[in-house]
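K.L.:
could you look at this predicted model? Sequence included:
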Amino acid sequence: MSEQVYDLSNNNQLTVPVDLSVDIIQLDSILDLVDIGIDFIIVEPMLLDTNGKTPYQWVVENGYEYDEETFYSQWLTSLNGGSSGGVFTNPTPTDITVGGLVENSIIQGDTWQEIISKIVYQEKFPTIVDPSFDVIVPQGNIFEINDYSKLYFYLRYNFGSITPAYGTNGFRSGSVVKYMMGNTNIPYSSNNQLYWYNPDEVIPVVYEPYTLNLLFSVVRMVGPQPLSNKGNPYLSPYPAGNFQKSVVIYFVLPWYATVESLTEYYKLPLDILSKEYFETNMIGENILGDKQVALFSIYHNTITGIKQYNTLSGVWEWINGTKELSLSTFDISSTTMEINGNTFSYIMYKHNGPTIGNRKLRFYTT
């Protein structure tokens, strides 16, 4: 069946080709189109828009009225040159953005359907967040020598995200294959993996401070292919592979001072043995001859001077005026301390001056 295209002109009058020898037809309503009996009619949309909505398009074929969706399909087919379709090419970049057809686009061999689809149905792409891996040591990275009771880790793998998911599972990464510490597999239970350190896996009981270097890793599978809202591939899948995270744990010996009592040595917070200075409060001395004391292991850096905090000036000052003379106010001797079932050698610094009250001291190693 041949197709003829007609446009509705002003005053709802239908203009037909002259070869049909038909005068201008006055239309009282859209429904009158059904009675004309011509092969194919397209009514110019803007002339029929009376409700402020998208105007109805009507196609009449052998007296049958089609809906709007069917109209667009057949109308575009006719504009493209029939059922075989047609294409439009313009090498000049577009000047403006119209809907999803962005500025500087090149129209190259697109059908009218494709062009309108680009305008009305904009292609959207997801926001991508790549995966990451971290190891958390809740108790910090300094522990007392041979004390593993508090040493545990959280192995946290963030799968990343694809937002919106657009046909994927929403994760950038593929699934976890395994967690590892060095070459040892860690039983996998969750993506917030809790792992208690077992000293038998790496090192036995030792008799001096040491540094434990651990390498954790997570092995992953390839991630899903991100898609646009139209199902087109966007970027590339996140590749299979592994993430690694190094963790350094220091096992040290504690230091002690007469903080709360002159007859008992108070264990101070653990710190690296090469710290610039060690600070503590000292309880005041008594008339019984009990003196202020500090103890450092032989593995701590050598104490080279002692400062006292001047509460009036708010300044730290060398005892006796200089770094060298500050040490002369303490007797230095050797002793031992038992820690976690083992005996270690310590150096004792005992105040040898007149009875003194509470004070705050810093023992310097540099």
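P.N.:
Yep, that arrived. Numbers count the residues shown, from 1 in each chain.
K.L.:
low-scoring pLDDT stretches of the protein, where are they?
P.N.:
Low-confidence segments of the chain, defined by pLDDT under 70: 1-86, 190-192, 198-205.
K.L.:
let's see 80
P.N.:
1-88, 112, 149, 187-194, 197-206 (pLDDT under 80).
K.L.:
domains for it, by residue range?
P.N.:
Domains of the chain are assigned by automatic domain parsing as 7-120, 127-252, 256-364.
K.L.:
output the ones you listed as a markdown table; include the columns mean neighbour count.
P.N.:
For every residue, glycine as well, the C-beta is placed using N, CA and C. What follows is the domains of the chain, written out as a markdown table (neighbours: other Cβ atoms under 10 Å):
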| stretch | mean neighbour count |
| --- | --- |
| domain 7-120 | 13 |
| domain 127-252 | 15 |
| domain 256-364 | 15 |
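K.L.:
quick one: the strands in the stretch 51-200 of the chain?
P.N.:
60-61, 64-65, 88-90, 107-110, 127-129, 132-136, 142-144, 152-158, 161-163, 176-181, 184-186, 192-196 (DSSP state E, counting those that start in this stretch).
K.L.:
three-state assignment of residue 328?
P.N.:
Following DSSP: H, G, I helix; E, B strand; the rest coil, the label given to residue 328 is helix.
K.L.:
tell me who's in contact with the closest residue to it other than its chain neighbours.
P.N.:
In space, and not counting its chain neighbours, residue 328 is closest to residue 320: 6.5 Å by Cβ to Cβ, 6 or more residues apart in numbering. By Cβ atoms under 8 Å, 6 or more residues apart in numbering, residue 320 lies in contact with 326, 328, 329.
K.L.:
ditto for residue 174
P.N.:
220, 221, 222, 223, 224, 238, 240.
K.L.:
change it to 6 Å
P.N.:
Taking Cβ atoms under 6 Å, 6 or more residues apart in numbering, we find residue 174 in contact with 220, 221, 222, 223.
K.L.:
quick check, nearest of those residues to residue 300?
P.N.:
Closest approach to residue 300 among the contacts of residue 174 (Cβ to Cβ): residue 220, at 43.1 Å.
K.L.:
touching, the closest one and residue 173? I think so.
P.N.:
Yes - between residue 220 and residue 173 there is a contact at 5.2 Å, judged by Cβ atoms under 6 Å.
K.L.:
of the contacts of residue 320, closest to residue 244?
P.N.:
Residue 244 has its nearest neighbour among the contacts of residue 320 in residue 326, at 46.6 Å by Cβ to Cβ.
K.L.:
wait, the closest one touches residue 307, no?
P.N.:
No - the criterion here is Cβ under 6 Å, and residue 326 misses it with residue 307 at 7.1 Å.
K.L.:
common neighbours of those two, please.
P.N.:
Joint contacts of residue 326 and residue 307 (Cβ under 6 Å, 6+ apart) are residue 318.
K.L.:
packing partners of the one helix or strand residue 246 maps to?
P.N.:
Assigned by DSSP states H and E, residue 246 belongs to strand 241-252. Strand 241-252 makes packing contacts with strand 132-136, strand 210-220 when contacts are defined by 3 or more Cβ pairs under 6 Å, 6 or more residues apart in numbering; DSSP states H and E.
K.L.:
please redo it, this time with the cut-off set to 7 Å
P.N.:
Counting contacts by 3 or more Cβ pairs under 7 Å, 6 or more residues apart in numbering; DSSP states H and E, strand 241-252 is packed against strand 132-136, strand 142-144, strand 210-220.
K.L.:
each with direction, which strands does the longest one pair with?
P.N.:
Just to be clear, that refers to strand 210-220. strand 176-181 (antiparallel), strand 241-252 (antiparallel) (DSSP bridges).
K.L.:
which residues does it contact?
P.N.:
133, 135, 155, 157, 173-174, 176-182, 202-203, 240-251 (Cβ atoms under 7 Å, 6 or more residues apart in numbering).
K.L.:
which residues are in contact with residue 279?
P.N.:
residue 362.
K.L.:
please apply the same query to the one 5 residues further on.
P.N.:
Residues touching residue 284, when contacts are defined by Cβ under 7 Å, 6+ apart, comprise 356, 357, 358.
K.L.:
and the strands in the stretch 201-350 of the chain?
P.N.:
Using DSSP E, counting those that start in this stretch, strands in the stretch 201-350 of the chain cover 210-220, 241-252, 256-257, 266-267, 277-282, 293-297, 305-310, 315-318, 330-339, 342-351.
K.L.:
between these, which gets nearest to residue 145?
P.N.:
Taking these one by one with Cβ to Cβ, strand 241-252 is closest: 4.7 Å.
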